[in-house]
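# dropping the sequence and predicted coords here.
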Amino acid sequence: MDGNNRWSKKNQTNRSQAYKKGGDNLLKIANYIFNKYKVKYVSSFALSFHNLKRSNNFLNIFLEVFKTYINNLSIIDNYNFKVKFIGDLSFIKDIKVIKQVLDLEKKNLSSDYTLLIYLNYSGQKDIFNAAKKFSKNNSVQFENYLSTKLIPNPDILIRTGGFQRISDFMLYQISFTELFFTKILWPDLKLSHIDKFIVKFSKLERKFGI
C-alpha cells in the first residue's frame with residue numbers, strides 16, 4: 001500500500017489524513033474483492049520492519065491513525081470478514097492497543113474471508129526465524145514455521161506508488177505470484193483498477209515452472 005505520503009503532498013493535506021484515507025480504502029477494496037471474487041484472503045503490507053527506521057514523527061502519525069481504527073472495533077461488524085495481523089507487534093508499547101488488536105482478531109471468526117494486515121513484517125526475517133525453528137525440530141515441512149503457515153501463497157501481488165520492487169514482502173511465498181505494478185498512489189486506487197488487474201490475471205497462462 002505505497003504512496004500515502006506522496007498522496008498527502010499531492011493533495012496538500014497532512015499525513016494523518018492520507019493514512020486515514022488509505023485505511024478506509026483498504027477496507028473498501030478488501031470487502032469488494034471478498035464479495036465479488038470470493039477470494040479467501042487479501043493481504044496488505046501496512047508497515048514493514050524497515051519502516052521502523054523512519055523518523056519518530058512518521059511512526060507517531062502511523063500509530064495514532066492505527067489506534068483510531070483499533071479503538072473503533074465496531075467498524076469490523078459492518079463487514080463479513082475477519083482480520084488477522086502478521087508481524088512483530090512488540091513495537092506497540094501500549095498494552096491497551098495490543099489487547100484491542102487481539103479482540104479485533106476474535107471478530108467474525110465464522111467468516112470464510114480473511115484480511116491479513118502485515119505490521120512490522122520482514123520477508124527475510126520470516127525466513128530466518130522459520131529456519132532457526134526448523135533446524136531445532138524433526139519436521140520436514142519448512143512452511144509450517146513461517147508466519148503465514150496454513151495460509152495459501154498469493155496468486156496476485158499489486159504494488160501501488162510506481163516502484164517496481166518487492167520491498168521485503170513475503171519473499172518465500174511469492175515464488176509463482178503474478179506481479180502487477182502501477183504508478184497509482186494507494187489512496188487513489190479504485191475498485192475499477194482492481195477489476196482490470198484481475199481481468200489481466202485471468203488471461204494469463206500459469207505454468208508454475210512446468
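Perfect, thanks for sending it.

# which other helices and strands does the helix ranked longest in the chain contact?
Longest helix of the chain, by residue count under DSSP state H: helix 15-37. For helix 15-37, the packing partners by 3 or more CB pairs under 8 Å, 6 or more residues apart in numbering; DSSP states H and E come out as helix 4-10, strand 41-48, helix 56-71, strand 114-121, helix 191-202. To be clear about C-beta, it is placed using only N, CA and C from the backbone, and glycine gets the same treatment.

# identify whichever of the ones you listed lies nearest to Ser175.
Closest to Ser175 of the helices and strands packed on helix 15-37 is strand 41-48 (CB to CB; 15.4 Å).

# and the angle for that closest one with strand 114-121?
Interaxial angle of strand 41-48 relative to strand 114-121 (axes from the mean of the first three to the mean of the last three CA atoms, to 10 degrees): 20 degrees.

# the longest helix of the chain: which residues count as buried?
By neighbour count on 16 or more other CB atoms under 10 Å, the buried set for helix 15-37 is 15, 18-23, 25-27, 29-31, 33-34.

# could I get the helices and strands packed on helix 15-37 as JSON lines with mean pLDDT and distance to Tyr172?
Compiled in JSON lines, the helices and strands packed on helix 15-37 are given as follows (pLDDT from 0 to 100; distance: least, CB to CB, whole Å):
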{"stretch": "helix 4-10", "mean pLDDT": "90", "distance to Tyr172": "26"}
{"stretch": "strand 41-48", "mean pLDDT": "96", "distance to Tyr172": "14"}
{"stretch": "helix 56-71", "mean pLDDT": "87", "distance to Tyr172": "26"}
{"stretch": "strand 114-121", "mean pLDDT": "97", "distance to Tyr172": "12"}
{"stretch": "helix 191-202", "mean pLDDT": "98", "distance to Tyr172": "21"}
